[in-house]
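S.K.: Below is the sequence, then the predicted model.
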2 protein chains.
Amino acid sequence: MAAGAWGERLSGLQAVLLDISGVLVDGDHRRVRPIPGAPRALRLLKQSGLKLRFCTNESQTPLSAFVAMLRHLGFDVSESEVTAPVPAVCHLLEERQLRPHLLVHDAVRPEFDRIDRTNPNCVVIADAGEGFSYQQVNEAFRVLMSLENPVLLSLGKGRFYKGMDGLQLDVGPFMKALEYACDIHAEVVGKPTPGFFQSALRELGVEAGQTLMIGDDIVSDVGGAQRCGMRALQVRTGKYRPCDERRSDVKADGYVDNLAEAADLLLRHLPRA
Amino acid sequence: MAAGAWGERLSGLQAVLLDISGVLVDGDHRRVRPIPGAPRALRLLKQSGLKLRFCTNESQTPLSAFVAMLRHLGFDVSESEVTAPVPAVCHLLEERQLRPHLLVHDAVRPEFDRIDRTNPNCVVIADAGEGFSYQQVNEAFRVLMSLENPVLLSLGKGRFYKGMDGLQLDVGPFMKALEYACDIHAEVVGKPTPGFFQSALRELGVEAGQTLMIGDDIVSDVGGAQRCGMRALQVRTGKYRPCDERRSDVKADGYVDNLAEAADLLLRHLPRA
C-alpha cells in the first residue's frame, strides 16, 4: 500500500486499543513468549503521544498474574490500563444478582471469591483450557438444564488462539456446545461485544472515530471494533491465517506483519507522532 | 386421546422402527438398566406380525457388545436387526476413500481396524463420553485445520441422553464445537439423516408410509422419521422432557408413557395384531 494511503487511513487518530495475546505474546497460561519486536513497538507507541489502552479477552490467568508476566517479558503494562472480561463479568454478576456456576480455569477461580456462588442461577464460561473435561462441561450443562431461565455468560467467543505448540481451542467452541445442548443463546462478555469496547473507550476518554484497534482476530478484534465505529488493523501474528484477508464479510482497514510494523506506520503517518 | 383416534393414526402400519437408548434401556457404556416393561413389550411386538427393526445412534459401544448387553437384559435382539451409525460410516469411508482421525470412545476404536487411518483426510466424531477431553477435542480440531477441505463426519447429532445419574452430553454439542472452531459444517451419519432411516426401511422391505418410528428424541427420532414420511411416537422415557410436547416445530403423531403403552396401543388397534 502506498504511503499516502496509510496517511489517509490513519488520519485523525488519537488513541490505540491493543489486543494482547497474538499481538504482544503467543502462548497459554503455562508458557508465553514475546512476539519479536513487540516490546520495543509498545515503548514507541507509549512515547508517541497517542492514548493507549489494552483490550483483551484473556480469561485463563488472573489479571494481576497476566500483567506481571507481561512486565517480566519487558512490556510496559499496568493493570489499570487493561480492559478484561473477568472484572467486567464480576461487575455484571453483582449488578444482576446472579450466582454463577463457574466453568473456568482453576487459576481464575479466586477472582470470583467475593461473588456469591451458592445455589447457582447462571453459568459463567471462560477459557478453561484443560478444564474443559467432559465431566466439567457436563456439570455446567446439568446446571443450565436445571434452571427455568438458563443464563450462560461467556467471556469472549473466540474460536482458537495460537499456543506454544500449535492452535488451541478457545472458549467459543465450548460456548457453542452448551448453547446447542441446552437450546439457548449465551451472552458474551468481552470482544466483540460493543459494550466491552465502549467501556475501554470511556476509560480512554476518546470517541470510536478517533481510535484504532490492533488485533490478530479478524472477527473479535477487527469486526467487533469496526462495528463500534473504530478503525482496525490485523497483525499477521498470533492466530492470523492468510484466509483472513480473503473474507468477504470483514475487511481490516489494513494488514501489517506485526506490531512493530503497525507502530512504524503510526509513527510515520500521524501528525502527532 | 380417544380409542378411535389411535386406530386411525395407526392405520395401514406394517412395520415398526425402534430406538434403543431411552426406549429399551437407560444408561451409558458403563452401566445400563432396562426400562420397566420394555422386554415384555418387545416380545409382544415381535409376536404381533409387524415387521420390526432397531434404528439407533449408539456409538459409544461396539455393536456386538451392545447387542450382547441387551440380550443379557432380556431383550430379543440380534445384530442383523440393528441399523447403527458405526457400520454405516465405515461403509461411507471406504466408498469415498476417506482416512479418518477418530474422536470416538476407546471401546469403539477396534470397529475401525480395517479402515486405513494413516495420514488422515477427515475426522469421525462419535459419542466419546469421557473421551471428549480438551486434549482430544483439540487434536481433532488441529487435524481439521490442517486440511485444505476439512471433512467432519458425525455419528448422529444428539444433544444429550439420560445416563445412570442424570443427563449426559451426547456427540452433538462437540460436533457443534468443531463446526464453530473450524467454520465448517459436519455431515451427519445416523438419525435424523434421511439416508440413514431409508437404509433401515430398505432392510425391512417396507415403505415409509407403512412404518412407525418409536423414540425418545423429539428431533432425531420423531422429526427425522416424519421428514422421511413415517409416523412417529415419542415415549415419555429416556431423555423425554415435558417441554418436548409443547414444541411448535415438531409434533409427534402420539405421545405414550413408555414402550409398554406403545405396544399395547399397537396390539389393540392394528388389524394384523
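M.R.: Sure thing, it's come through.
S.K.: burial count for A:Phe209?
M.R.: Careful, residue A:209 is Gly and not Phe. By other CB atoms under 10 Å in any protein chain shown, the residues close to A:Gly209 number 12. C-beta: built from backbone N, CA, C; applies to glycine.
S.K.: Quick check: it vs A:Ala260, distance?
M.R.: For A:Gly209, the distance to A:Ala260 (CB to CB, to the nearest Å) stands at 26 Å.
S.K.: now A:Leu52
M.R.: Note on A:Leu52: its distance to A:Ala260, by CB to CB, is 15 Å.
S.K.: Tell me which of those two has more neighbours.
M.R.: A:Ala260 (20 against 17).
S.K.: Who are the contact partners of the more buried one?
M.R.: Neighbouring residues of A:Ala260 by CB atoms under 8 Å, 6 or more residues apart in numbering or on different chains: A:36-38, A:40-41.
S.K.: Around chain B, pick out the residues from chain A.
M.R.: For chain A, the residues in contact with chain B (CB under 8 Å from any CB of the partner chain) are A:128-135, A:137-138, A:141-142, A:145, A:159-160, A:166-169, A:172-174, A:176-181, A:183.
S.K.: Filter these down to just the ones in helices.
M.R.: Per DSSP state H, helices hold the following members of the residues of chain A next to chain B: A:134-135, A:137-138, A:141-142, A:145, A:172-174, A:176-181.
S.K.: which of those are buried?
M.R.: For those, a burial check counting by 16 or more other CB atoms under 10 Å in any protein chain shown picks out A:134, A:137-138, A:141-142, A:145, A:172-174, A:176-181.
S.K.: any idea which of those is the one closest to A:Leu98?
M.R.: Relative to A:Leu98, the closest of these is A:Leu178; by CB to CB it sits at 16.1 Å.
S.K.: Is it correct that the closest one is in contact with A:Val124?
M.R.: No. A:Leu178 lies out of contact with A:Val124 (CB atoms under 8 Å); the separation is 11.3 Å.
S.K.: May I have the residues that are in contact with the residue lying closest to A:Ser64 once chain neighbours are set aside?
M.R.: Of all residues not flanking A:Ser64 in the chain, A:Glu79 sits nearest, at 6.2 Å (CB to CB, 6 or more residues apart in numbering or on different chains). If you count contacts by CB under 8 Å, 6+ apart, A:Glu79 has them with A:63-64, A:67.
S.K.: Next one: A:Ile214 from A:Val16, what distance?
M.R.: Note on A:Ile214: its distance to A:Val16, by CB to CB, is 6 Å.
S.K.: ditto for A:Gly156
M.R.: Taken as CB to CB, the span from A:Gly156 to A:Val16 is 20 Å.
S.K.: got it, and A:Leu42?
M.R.: Distance from A:Leu42 to A:Val16, counting by CB to CB: 10 Å.
S.K.: can you check A:Leu155 too?
M.R.: Counting by CB to CB - A:Leu155 and A:Val16 are separated by 23 Å.
S.K.: swap in A:Arg117?
M.R.: According to CB to CB, A:Arg117 stands 37 Å off from A:Val16.
S.K.: One more: A:Leu45?
M.R.: Separation of A:Leu45 from A:Val16 (CB to CB): 6 Å.
S.K.: So these two - more neighbours on which side?
M.R.: Counted by other CB under 10 Å, A:Leu45 and A:Val16 do not tie: A:Val16 has more neighbours, with 25 against 21.
S.K.: any low-confidence regions in the stretch 1-150 of chain A?
M.R.: Residues of the stretch 1-150 of chain A meeting the criterion pLDDT under 70: A:1-4, A:29.
S.K.: Helices of that one, residue ranges please.
M.R.: With helices called from DSSP state H, counting those that start in this stretch, the stretch 1-150 of chain A shows them at A:3-9, A:38-47, A:63-72, A:85-95, A:134-146.
S.K.: Looking at these, spot the one closest to A:Phe197.
M.R.: A:Phe197 sits nearest to helix A:85-95 of all those, at 11.3 Å, using CB to CB.
S.K.: quick check: angle from the closest one to helix A:171-182?
M.R.: Interaxial angle, helix A:85-95 versus helix A:171-182 (axes from the mean of the first three to the mean of the last three CA atoms, to 10 degrees): 40 degrees.
S.K.: can you list contacts of helix A:85-95?
M.R.: For helix A:85-95, contacts defined as CB under 8 Å, 6+ apart pick out A:56-59, A:62-63, A:98-100, A:108, A:111-112, A:114-115, A:122, A:124, A:126, A:153, A:155-156, A:189-190, A:196, A:199.
S.K.: quick one: buried residues of that helix?
M.R.: Buried residues in helix A:85-95 (16+ other CB under 10 Å): A:85-86, A:88-90, A:92-93.
S.K.: Same check on stretch A:70-77?
M.R.: Using 16+ other CB under 10 Å as the burial criterion, the residues of stretch A:70-77 that qualify are A:70, A:73, A:75, A:77.
S.K.: now swap in stretch A:5-22 and tell me
M.R.: So, applying 16+ other CB under 10 Å, buried residues of stretch A:5-22: A:6, A:9-10, A:13-22.
S.K.: which residues of chain A fall in strands?
M.R.: Using DSSP state E, the strands of chain A run over A:15-18, A:25-27, A:32-34, A:51-55, A:82-83, A:100-103, A:122-125, A:152-155, A:160-163, A:166-169, A:187-189, A:211-215, A:231-235, A:254-256.
S.K.: Deepest in the core, which of the ones you listed is it.
M.R.: Burial among the strands of chain A, expressed as mean neighbours by mean count of other CB atoms under 10 Å in any protein chain shown, is greatest for strand A:211-215, which shows a mean of 27.
S.K.: Next, the angle strand A:231-235 makes with that one.
M.R.: Orientation of strand A:211-215 against strand A:231-235 (the same axes, to 10 degrees) gives an angle of 20 degrees.
S.K.: For strand A:211-215, give me every contacting residue.
M.R.: Contacts with strand A:211-215, where a contact means CB under 8 Å, 6+ apart, come from A:10, A:13-19, A:22-23, A:55, A:191, A:197, A:201, A:204, A:221-222, A:224-225, A:230-235, A:253, A:259, A:262, A:266.
S.K.: circling back to that earlier point, kindly reformat the contacts of A:Ala260 as CSV containing distance to A:Leu270.
M.R.: Output for the contacts of A:Ala260, formatted as CSV (distance: CB to CB, whole Å):
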residue, distance to A:Leu270
A:Pro36, 24
A:Gly37, 19
A:Ala38, 19
A:Arg40, 18
A:Ala41, 14
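S.K.: Can I get the buried ones among those as something I can paste into PyMOL?
M.R.: Here is the PyMOL selection string for the buried members of the contacts of A:Ala260, based on 16+ other CB under 10 Å:
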select buried, chain A and resi 37+38+41
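S.K.: Now flag whichever of the contacts of A:Ala260 is closest to B:Arg247.
M.R.: Checking these against B:Arg247 with CB to CB, the nearest one is A:Ala38 at 51.9 Å.
S.K.: can you pull the contacts of the closest one?
M.R.: By CB under 8 Å, 6+ apart, A:Ala38 lies in contact with A:23-25, A:75, A:258-260.
S.K.: Next one: A:Trp114 relative to A:Leu93, how far apart?
M.R.: Just to correct that, residue A:114 is Arg rather than Trp. For A:Arg114, the distance to A:Leu93 - CB to CB - is 10 Å.
S.K.: A:His101 now?
M.R.: The gap separating A:His101 from A:Leu93 is 12 Å, by CB to CB.
S.K.: got any ranges where the stretch 151-273 of chain A has weak pLDDT?
M.R.: The model of the stretch 151-273 of chain A has pLDDT under 70 over residues A:271-273.
S.K.: Where do the domain boundaries of chain A fall?
M.R.: Following automatic domain parsing, one gets these domains for chain A: A:9-83+A:191-269, A:86-189.
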